[in-house]
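Visitor: Okay, structure incoming, though there's no sequence with it:
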């Protein structure tokens, strides 16, 4: 019974202000248990004090906004940009975007220049090996196969990603 009473304390407190409302919702013996149990009675008093404190914070009259409040809110809403694309029309943002794009292009160009193999020995070695194989006569098969293997090996050794 104690647990059921504790669960229904809010119903009891909300029904106190309305005459006759609490008696139909609350179980029989509710009032008798509150008279016997000091813990439940203390909890009811604490809840009543909290409710009274909350009622004391309520303003005595309805607070209305000042004249023109809604018009000012609507003006602010309409003054805000309607989409993300309107940011590109702003002068400062467009300038910053152009500078950032130019910096990105410069960095990508520098990366491509630095990362490409540019040594003449790497570029010319496979070409020389390939052109040398064309000058060998076709009847000397053993030498020609050895040069083909050497050319493939040079191409593989010179390959860079």
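Guide: Arrived safely, thanks for sending. Please read all numbers here as calculations on a predicted model, not as lab measurements.

Visitor: Which stretches in the chain count as helices?
Guide: 2-7, 9-16, 21-25, 30-36, 38-56, 69-79, 91-115, 120-135, 141-158 (DSSP state H).

Visitor: between the ones you listed, which gets nearest to residue 62?
Guide: helix 69-79 (14.5 Å; C-beta to C-beta). C-beta coordinates here come from the backbone N, C-alpha and C atoms, glycine included.

Visitor: which strands and helices sit next to that closest one?
Guide: Contact partners of helix 69-79 among helices and strands, from 3 or more C-beta pairs under 8 Å, 6 or more residues apart in numbering; DSSP states H and E: none.

Visitor: Spell out which residues make up each domain of the protein.
Guide: Per automatic domain parsing, the domain ranges recorded for the chain read 2-56, 120-158.

Visitor: looking at those domains, which has the lowest confidence?
Guide: Sorting the domains of the chain by mean pLDDT places domain 120-158 lowest, at a mean of 63.

Visitor: In terms of pLDDT, where does the most centrally placed residue in the chain sit?
Guide: Geometric centre of the chain, nearest residue: residue 84, 17.5 Å, by C-alpha atoms, centre = their mean. In the predicted model, residue 84 carries a pLDDT score of 74.

Visitor: ok, now how distant is it from residue 104?
Guide: 20 Å (C-beta to C-beta, to the nearest Å).

Visitor: same question, residue 67
Guide: 52 Å.

Visitor: One more: residue 50?
Guide: Taken as C-beta to C-beta, the span from residue 50 to residue 104 is 61 Å.

Visitor: rewinding a little: which of residue 67 and residue 104 has more residues huddled nearby?
Guide: Using other C-beta atoms under 10 Å as the criterion, residue 67 and residue 104 rank with residue 104 on top: 10 against 7.

Visitor: So for the more buried one, what pLDDT did the model give?
Guide: 97.

Visitor: Turn the helices of the chain into JSON lines, columns for distance to residue 63.
Guide: JSON lines is the format used below for the helices of the chain (distance: least, C-beta to C-beta, whole Å):
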{"stretch": "helix 2-7", "distance to residue 63": "36"}
{"stretch": "helix 9-16", "distance to residue 63": "25"}
{"stretch": "helix 21-25", "distance to residue 63": "30"}
{"stretch": "helix 30-36", "distance to residue 63": "38"}
{"stretch": "helix 38-56", "distance to residue 63": "17"}
{"stretch": "helix 69-79", "distance to residue 63": "11"}
{"stretch": "helix 91-115", "distance to residue 63": "40"}
{"stretch": "helix 120-135", "distance to residue 63": "81"}
{"stretch": "helix 141-158", "distance to residue 63": "82"}
